[in-house]
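Asker: Compute the structure for the input listed below.
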Amino acid sequence: MPNKLIRVVIFLCLVTTAFAQWKKAPLEPPSVINPNLYRADANASAEIQHAIAAAQKQHKRVLLVFGANWCIDCHILDRAFHQPRIAPLLESNFLVVHIDVGQYERNLQLAKKYHAHLEKGVPEVSVLESNGTFLYSSTEFEKSRLLTEEDVVAFLDKWKPRRTSAQSVSR
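Answerer: Below you'll find the model as predicted:
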């Protein structure tokens with residue numbers, strides 16, 4: 001009887017360990033905060049236009065990330081963008097523009113233009129087609145600390161540009 005009980009306990013420990021490895025861990029904050037992630041002196045309109053011009057040439061979409069340096073979730077999302085599972089997907093499909101909202105007094109006209117619902121919090125992400133056409137705005141990143149890498153990958157996969165056969169051949 002004790003031998004059977006020991007086997008059951010060992011089995012339960014192994015199963016628990018296996019499931020713990022599959023658990024989706026939330027995104028983590030960076031060890032060092034980038035104080036210039038959202039530059040107050042940036043000309044956001046010009047940066048967006050530059051990104052759109054580059055996106056057209058590169059057959060990519062543009063991600064506008066509205067946020068602020070005081071926002072920990074903004075830094076968590078940026079850290080996620082640099083993770084090994086996410087970075088290649090992001091870099092091959094999107095150009096990212098960080099837009100500073102300050103204390104919700106900067107770049108409000110751009111937030112309105114690109115349907116960023118800042119009243120729900122930041123970061124707020126808007127997706128633009130390579131020609132600058134607005135496609136989608138998401139409030140799901142405002143609590144990035146609760147998201148997982150899988151959530152970010154799923155978002156990027158959903159909104160990445162669809163490649164034509166001619167684009168695939170030229171790459």
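Asker: ok, T139 - contacts?
Answerer: H117, K120, G121, E124 (C-beta atoms under 8 Å, 6 or more residues apart in numbering). (Each C-beta comes from the backbone N, C-alpha and C, glycine too.)
Asker: what about burial for those, which qualify?
Answerer: H117, G121, E124 (16 or more other C-beta atoms under 10 Å).
Asker: From the residues you listed, which land in strands?
Answerer: E124 (DSSP state E).
Asker: Quickly name whichever of the buried ones among the contacts of T139 is closest to L135.
Answerer: E124 (14.3 Å; C-beta to C-beta).
Asker: The closest one: what's it in contact with?
Answerer: Contacts of E124 (C-beta under 8 Å, 6+ apart): V65, F66, G67, A111, A116, H117, L118, S137, S138, T139, F141, E142.
Asker: Closest one of the residues you listed to W159?
Answerer: Nearest to W159 among the contacts of E124, with distances taken as C-beta to C-beta, is S138, at 8.7 Å.
Asker: list the contacts for the nearest residue to the closest one once chain neighbours are set aside?
Answerer: Nearest non-adjacent residue to S138, counting by C-beta to C-beta, 6 or more residues apart in numbering: V125, 4.9 Å away. Counting by C-beta under 8 Å, 6+ apart, V125 makes contact with L63, L64, V65, F66, A116, S137, S138, F141, F155.
Asker: which one of the residues you listed has the most neighbours?
Answerer: F66 (30 neighbours; other C-beta atoms under 10 Å).
Asker: before we move on, the earlier item: A55: which of the buried ones among the contacts of T139 is nearest?
Answerer: E124 (19.3 Å).
Asker: where's that closest one relative to R163, distance?
Answerer: Here the criterion is C-beta to C-beta, to the nearest Å. By it, E124 lies 27 Å from R163.
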